[in-house]
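Engineer: Just to be clear, the model below is a prediction. Sequence and coordinates:
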Amino acid sequence: MRDSPLVVLTVTLLTFNVSAQITSVKENPPQFDKSRQIWQEGVENQDSRSIVAVHASFDCPTRYPLDSGRYVTFQPTGEYDALGNGVTIFDDYKGIPPGGAAAIAAADPSKCRGGVDAVIFWDGHIEGNSGSVYKYRQRWSGVHEGVVQSLRLLAKVTDQETDLAEVEDALRQRMEAIPDNPLDINGRLFEKGVYVQLESLLRGAREHPRPHSEEVEADGIPRKQGRKMVIFLVNKLQEWKTALENGLGSPPAM
């Protein structure tokens, strides 16, 4: 299970807009998590569809002066993301089911105002702030590209055109081709995250194969173990790809 997202502080010089009223979720009062030193709130899905993303924004009136004489405010945000941020190949990508709930980062209600301002359903429909939705879709487009390219590499193993060692090398090359840019806005870091996960899984299987009397392939993985791994990875990636395309509303242009 993934940890609940931490509070992310964003800096802005713009006037804060009050969150639109979101009817598909019920927000529970924020609670302070002493062990993690963050504010959290529960969000309950009151719609008949599963929710794959929730975004919340909070306006805290504390202002910090700049040398220019202007002021900057810090606006905490919270989110739930079933398809991109922090998601692994072992997740189910199903989101918050009708009647279900999830925890997101929040802010001190005695000092800040705001709340959920955007929701994305599993079928791609949205409610709320389109700006927040755009961020998720950029992220998911990057993940989708990583999933598609990984499926193409694994298909070559299925067709016996290559082995898992060569797929591992190809994934590593793709990882190295994407710089670690913290200001990435095109989803490339999330594409890279898919390659990082798969490369790690394949390397771990090669370096620590299960004891077996069966024939070992050139990539160092027992044949049956390698075959089962490819089947598992392809099935999970196909599941992830479908969930992403539903959340995006349609497959991204390739």
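Structural biologist: Thanks, I have it. Residues are numbered from 1 along each chain as shown.

Engineer: Tell me the helices and strands packed up against the helix or strand in which Ile231 is found.
Structural biologist: Assigned by DSSP states H and E, Ile231 belongs to helix 223-248. Helix 223-248 sits against strand 51-59, helix 130-158, helix 164-177, helix 188-207, with contacts defined as 3 or more C-beta pairs under 8 Å, 6 or more residues apart in numbering; DSSP states H and E. The C-beta positions use only the backbone N, C-alpha and C, and glycine is treated the same way.

Engineer: So what's the residue count around Ile22?
Structural biologist: 21 (other C-beta atoms under 10 Å).

Engineer: Go through the helices and strands packed on helix 223-248 and name the closest to Trp39.
Structural biologist: Across these, Trp39 has its closest neighbour in strand 51-59 (8.8 Å, C-beta to C-beta).

Engineer: Helix 223-248 and the closest one, what's the angle between them?
Structural biologist: Orientation check (axes from the mean of the first three to the mean of the last three C-alpha atoms, to 10 degrees): strand 51-59 against helix 223-248 gives 60 degrees.

Engineer: Just give the number of residues close to Gln37.
Structural biologist: By other C-beta under 10 Å, neighbour count at Gln37 equals 9.

Engineer: again, but for Ala107
Structural biologist: 26.

Engineer: Break the protein into its domains for me.
Structural biologist: The record assigns the chain these domain ranges, following automatic domain parsing: 8-128, 136-247.

Engineer: so where is the stretch 1-150 of the chain shaky, pLDDT-wise?
Structural biologist: For the stretch 1-150 of the chain, applying pLDDT under 70 flags the ranges 1-20, 62-65, 71-73.

Engineer: repeat that with 80
Structural biologist: The model of the stretch 1-150 of the chain has pLDDT under 80 over residues 1-21, 61-74.
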